[in-house]
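Asks: Got a sequence here, can you model it:
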Amino acid sequence: MSLNTDHIRVTHTGSLPRTPELLAANAARQADGITDEFRELLEASVVDIVARQKKLGIDIPNDGEYGHEMSNDVDYGAWWNYSFSRLGGLQPGDGDRWADPEVHRSSPGNIVLTSFPDRRDWSRFREAYTDPNGGVLTGRKPVIQPKVVAPLTYTGHDLVRSDVTNLTTALAKAGIEDGFLASLSPGSCARIGNDYYKTPEELVWASAEAMREEYLAIVDGGLTVQLDDPSLAESWDQINPEPTVEDYLDFLKVRIEATNWALRGIPQEKVRLHVCWGSWHGPHTTDIPFQDIVDTVLQVNAGAYSFEAGNVRHEHEWRVWQDTELPEGKSIIPGVVSHATNVIEHPELVADRIERFASLVGRERVIASTDCGLGGRVHPQIAVAKLEALGQGAALATKRLWKTADVLV
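Replies: You can find the predicted model right below:
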């Protein structure tokens, strides 16, 4: 990622709401496959969403993740579920990731990963999660997750090629130079059932080799690849009993090493890493503090790091950058607008958040963003308003930061 020169640039983390037409087409795609009609609609939809992002003040847009196949119309889950159609060696599993426990024992500290119902946050707020009348997961559709039964391979070459072509075409029509495509990280890719590899670590490395092909296709297409890796933060709450921070960092070590192996030879400036704490609309009282993992996150060979900083559980963690040195030439992409509330952030608040980070790492190294994907998490009308507030807040921050600097000069 290049550095800011004359303004605070704006981006987001990936998923944007799909139109009713595209939602219907995605549902039909599961039954009929990819038809010419679907391709035409997808191409037109990407052109439209890029143009709308430009109008809202987004400097570094994407395709809204429109090319990522959804499972059972779960818009917010496409960031992860899309990979199921792009990997070989899988077959349908026996349960829903959110409902049925899967235990994965890992060697560092004898860590055991379980599924959502066994999370410590779920244990404390079990009634809130399971209440069918207004509970945390009300309206969530079950998704049968796959399991690995043979060597993991990448089979999505045509699909990622379509993603690249659609976005680069849309960027050219909008007159925008920079764009990104989201892709699943090795660590997050490996969080599925495993009946083939001997250890969880072997599955992580296999995931790195498979997903590397997607990273290369995106970068070779002239775009920036965003690695979506909530597993770096979110896995903490999925370990029982609660591990020591030292054991957890050992657990993350193989995931960092595998990620960097998958990125070998790819220029850091063409890579951005997105870290979050799962981002579902829950209490998040047992999230690991960002302070505990930030140095590990910075070990990923990326040019910019995206993280949650706008929601009420993590906004205070801007202070992390008081004591953490951002490597030379790299940027941060803090979330200054949250996906976790229907309340629209005021542009003044957005500007204040941006300025806090700029005061710590420099105005040239802050790219304003959302906490996580907006698609499926807030109403489309609210999502647009949030992106508008994001763009307006960045414009306000730009006026203050560049005016102040000019006075100092």
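Asks: and the gap between the residue nearest to Glu269 when sequence neighbours are not counted and Val148?
Replies: Nearest non-adjacent residue to Glu269, counting by Cβ to Cβ, 6 or more residues apart in numbering: Gly303, 4.3 Å away. (Each C-beta comes from the backbone N, C-alpha and C, glycine too.) Taking Cβ to Cβ, to the nearest Å as the measure, Gly303 falls 31 Å from Val148.
Asks: Confidence-wise, which helix or strand of this structure is lowest on average?
Replies: Lowest on mean pLDDT, DSSP states H and E among the helices and strands of the chain sits strand 104-106, with a mean of 55.
Asks: before we move on, the earlier item: distance check, the residue nearest to Glu269 against Met1.
Replies: As judged by Cβ to Cβ, Gly303 and Met1 stand 4 Å apart.
Asks: and for those two, which residues touch both?
Replies: Common contacts of Gly303 and Met1 (Cβ atoms under 8 Å, 6 or more residues apart in numbering): 269, 272, 330-331.
Asks: Go through this protein and flag its longest helix.
Replies: Longest helix of the chain, by residue count under DSSP state H: helix 380-408.
Asks: re earlier: between Gly303 and Val148, which is the more surrounded one?
Replies: Neighbours per residue (other Cβ atoms under 10 Å) separate Gly303 from Val148, with Val148 holding more: 22 against 19.
Asks: Give me the pLDDT value at that one.
Replies: At Val148, the pLDDT value in this model is 96.
Asks: Give me the distance between it and Thr155.
Replies: 14 Å.
Asks: And the strands in the protein?
Replies: With DSSP state E as the criterion, the chain has strands at 87-96, 104-106, 111-113, 144-154, 180-184, 193-194, 224-228, 271-275, 304-307, 331-337, 369-370.
Asks: So Asp292 versus Asn301, what's the distance?
Replies: 21 Å.
Asks: residues contacting Ile321?
Replies: I think there's a mix-up here, since residue 321 is Trp and not Ile. Neighbouring residues of Trp321 by Cβ under 8 Å, 6+ apart: 332, 357, 360-361.
Asks: Adding distance to Ile60 and pLDDT as columns, could you present those in CSV?
Replies: CSV is the format used below for the contacts of Trp321 (distance: Cβ to Cβ, whole Å; pLDDT from 0 to 100):
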residue, distance to Ile60, pLDDT
Ile332, 14, 98
Phe357, 17, 98
Leu360, 21, 98
Val361, 18, 98
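Asks: Of those, which is the nearest to Asn62?
Replies: For the contacts of Trp321, the closest approach to Asn62 (Cβ to Cβ) belongs to Ile332, at 18.3 Å.
Asks: What sits closest to the closest one if chain neighbours are left out?
Replies: Distances taken as Cβ to Cβ, 6+ apart put Tyr305 closest to Ile332, at 5.5 Å, once the chain neighbours are dropped.
Asks: was I right about the one you found contacting Asp295?
Replies: No - Tyr305 lies out of contact with Asp295 (Cβ atoms under 8 Å); the separation is 11.5 Å.
Asks: Compare neighbour counts for those two and give me the winner.
Replies: Higher neighbour count among Tyr305 and Asp295: Tyr305, with 22 against 12, using other Cβ under 10 Å.
Asks: how close does that one sit to His346?
Replies: 26 Å.
Asks: Likewise for Ala78?
Replies: In terms of Cβ to Cβ, Ala78 sits 30 Å off from His346.
Asks: more crowded one of those two?
Replies: Per other Cβ under 10 Å, whichever of Ala78 and His346 has more neighbours is Ala78, with 26 against 12.
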